[in-house]
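Visitor: Quick one: sequence plus predicted model below, questions after.
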Amino acid sequence: MKIQNEVLSAIAARRSCRAYQPEQIKPEELQAVLEAGTWAPTGMNRQSPVIVAVQDKATRDLLSRINARIMGSNGDPFYGAPTVLVVLVDRSVPTHVEDGTLVLGDMLLAASSIGLGSCWIHRAKETFETEEGKELLRKWGLDPEKYRGVGNCILGYPAPGGTKPATPRKADYVVKA
């Protein structure tokens, strides 16, 4: 017998979205996703991550340009999403990468569960190692020597074709020992 519930259904339904409508998400939707991130488990409950919600177009576009430059592209690695949630972590905490990753996972699931498109966009570590990235951290009141980027959770309303159907799970995904 297969066990099924709301949480398991939400996990199975989540997909990365790679095309977005231009309009900004509603404040209550943003708040729901942010709150979900704050409930992610962290090592020894240190709560080392910090989430920076970027909805200002100029800052969003700057983050996109830095990210694209790092990957050797001039396109928009944020796929037109109007909101970027940057997850940063206190690098002195031994579980900082794992903590930030769990925050991102919770936010991706929460976004999907309320009908938003979302996708994890990498290169946050490299973004905040640049001088422009360090300047953004200072602007946000965060010490560039203390915080390290883990990832970006982009959010928005999916555009037609922005989310592809699930692919089958590989046969040897789980090994029972």
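Guide: Received the coordinates, thanks. Source: prediction; values computed, not measured. Numbering: from 1, shown residues only.
Visitor: Apart from its chain neighbours, what residue comes closest to the residue nearest the centre of the chain?
Guide: Note on the chain: the residue nearest the mean C-alpha position is residue 153, at 1.9 Å, using Cα atoms, centre = their mean. Leaving aside its sequence neighbours, residue 153 sits nearest to residue 85 (Cβ to Cβ, 6 or more residues apart in numbering; 4.2 Å). Placement of C-beta: from N, CA and C, glycine included.
Visitor: Does the residue nearest to the centre of the chain touch residue 112 like I think?
Guide: No - using Cβ atoms under 8 Å, residue 153 is not in contact with residue 112, being 11.1 Å away.
Visitor: shared neighbours of the two, anything?
Guide: Both residue 153 and residue 112 are in contact with residue 118, where contact means Cβ atoms under 8 Å, 6 or more residues apart in numbering.
Visitor: before we move on, the earlier item: quick one: the residue nearest to the centre of the chain and residue 76, what's the gap?
Guide: With distances taken as Cβ to Cβ, to the nearest Å, residue 153 is found 16 Å from residue 76.
Visitor: for the longest helix along the chain, packing partners?
Guide: Taking DSSP state H as the criterion, the chain has its longest helix at helix 96-113. Helix 96-113 sits against helix 6-13, helix 27-38, strand 49-54, strand 83-90, strand 117-121, strand 147-156, with contacts defined as 3 or more Cβ pairs under 8 Å, 6 or more residues apart in numbering; DSSP states H and E.
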